[in-house]
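>>> Sequence and predicted structure are below.
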There are 2 protein chains.
Amino acid sequence: MIRGKISNSVIRRLPRYYRFLGELSSKGVARISSGELSARMGFTASQVRQDFNCFGEFGQQGYGYNVELLKNEIGGILGLYTPHTAVMIGVGNLGRAVAQHINFNNFGFQLTGIFDQKESLVGQMVKNMPIRSTATLDEFCRENHPQVAILCIPKESAELVTKQLIKLGVTGFLNFSHYDIALDYPNVLVENVHFSDSLMTLSYKLSNK
Amino acid sequence: MIRGKISNSVIRRLPRYYRFLGELSSKGVARISSGELSARMGFTASQVRQDFNCFGEFGQQGYGYNVELLKNEIGGILGLYTPHTAVMIGVGNLGRAVAQHINFNNFGFQLTGIFDQKESLVGQMVKNMPIRSTATLDEFCRENHPQVAILCIPKESAELVTKQLIKLGVTGFLNFSHYDIALDYPNVLVENVHFSDSLMTLSYKLSNK
């Protein structure tokens, strides 16, 4: 029951709400007011109410929100209960850590294939899945139609494999590489994770405080 | 030569400029116009000129920017040439990958210590540095005064160690944990890297396109 176009800043707050409500729920908290919720999250109460109003009615005036219900509503809005199939490209240090560290199932994704171009890695198991050769990526995608790719490879390879994956029907990317996908493919959905940009931003703040 | 207060969105674009100019420079490109630069980065030319004007005069009208000079100017603004000392806390899958994957020296930081609470890891080498016991963190910080901490630990540990580190004089955090440092310490500088939030945002976009 989404009302009109949701702003990017509201969308970016949803994962935080979801995470925080999950913590409350696991602590056995059944109900929370917008005031308490906002205080614990660093927003104002009216911000919280406005955010939730974008999606319909979640609470009753003066009675607060049911934590479990609200969490499930937000999870549904985030699309977490209808998993998107995903392949991971690149199982170096970073790819391996991402595969092992993140429980994709909890965040709306089902990892269906892991690929690397290094033949010496092919067949090794990561998260109970064999690493496949990128030489078999075309065939795999034609059979399994993954919706999303997680790119843990350098920029140059990312440019080539993105082109290949988009032709094969992939429509979303979690992009750890520095290749700017959105610039070449404005209609593709991309979330970038750039450690080095975060480091440089922190360096700026430290240098100019 | 920074002119007034720089907006957050300009600051966030600086690392991208820096990265892109570095690529141009390594390809031997000596000069670039704001038009070319903006086209390759997905901004408008006037946006590029406005951004750079925040920091003084980098180019001459109609003559473009000297790539190497501009890169070095932006690197200086980002504080990359006066490295901030940093400790890494947590050397599980994620911490290990971050330590091995990122060349901190290139982004304004000098990694001076790596810590884990698991005694079985203590003494192992990561990036030519021995993993130290978190039991020695107090002593290390009193002697070496690290400015920054990179947190690759779960939320509960992050809350405890952040308190400890702030007492010991740490003023900046690269935070991979879900502990919300800025909420408890509004004066501390924090950059968060939250994979799961990026995944959930991507899931939202895929579910609502």
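It's in.
>>> can you pull out the helices in chain A?
Along chain A, counting by DSSP state H, helices occupy A:8-26, A:34-41, A:45-53, A:67-77, A:93-101, A:137-144, A:155-167, A:181-184, A:195-207.
>>> Columns mean neighbour count, mean pLDDT and distance to A:Ser120 on top of those, output as JSON lines?
Quick note: C-beta positions are derived from backbone N, CA and C, even for glycine. JSON lines is the format used below for those (neighbours: other CB atoms under 10 Å in any protein chain shown; pLDDT from 0 to 100; distance: least, CB to CB, whole Å):
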{"stretch": "helix A:8-26", "mean neighbour count": "17", "mean pLDDT": "91", "distance to A:Ser120": "37"}
{"stretch": "helix A:34-41", "mean neighbour count": "17", "mean pLDDT": "86", "distance to A:Ser120": "46"}
{"stretch": "helix A:45-53", "mean neighbour count": "17", "mean pLDDT": "87", "distance to A:Ser120": "49"}
{"stretch": "helix A:67-77", "mean neighbour count": "19", "mean pLDDT": "93", "distance to A:Ser120": "40"}
{"stretch": "helix A:93-101", "mean neighbour count": "20", "mean pLDDT": "90", "distance to A:Ser120": "14"}
{"stretch": "helix A:137-144", "mean neighbour count": "14", "mean pLDDT": "98", "distance to A:Ser120": "18"}
{"stretch": "helix A:155-167", "mean neighbour count": "17", "mean pLDDT": "97", "distance to A:Ser120": "17"}
{"stretch": "helix A:181-184", "mean neighbour count": "16", "mean pLDDT": "92", "distance to A:Ser120": "28"}
{"stretch": "helix A:195-207", "mean neighbour count": "22", "mean pLDDT": "94", "distance to A:Ser120": "26"}
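>>> between the ones you listed, which gets nearest to A:Leu121?
Minimum separation from A:Leu121 across the helices of chain A (CB to CB) falls at helix A:93-101, 9.5 Å.
>>> quick revisit: export the helices of chain A to a markdown table and tack on distance to chain B?
Formatted as a markdown table, these follow (distance: least, CB to the nearest CB, whole Å):
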| stretch | distance to chain B |
| --- | --- |
| helix A:8-26 | 4 |
| helix A:34-41 | 7 |
| helix A:45-53 | 13 |
| helix A:67-77 | 7 |
| helix A:93-101 | 3 |
| helix A:137-144 | 16 |
| helix A:155-167 | 8 |
| helix A:181-184 | 5 |
| helix A:195-207 | 3 |
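>>> Show me chain A divided up by domain.
Annotated domains of chain A cover A:8-77, A:84-198 [automatic domain parsing].
>>> re the thing from before, would you reformat the helices of chain A as TSV and include distance to B:Arg40?
Output for the helices of chain A, formatted as TSV (distance: least, CB to CB, whole Å):
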stretch	distance to B:Arg40
helix A:8-26	24
helix A:34-41	38
helix A:45-53	36
helix A:67-77	36
helix A:93-101	25
helix A:137-144	28
helix A:155-167	13
helix A:181-184	8
helix A:195-207	17
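>>> and A:Glu57, what pLDDT?
Looking at A:Glu57, its pLDDT is 68.
>>> Now for A:Thr171: which residues touch it?
The contact partners of A:Thr171, taken as CB atoms under 8 Å, 6 or more residues apart in numbering or on different chains, are A:Gln147, A:Val148, A:Val188, A:Leu189, B:Leu206, B:Lys209.
>>> Okay then, goodbye and thanks.
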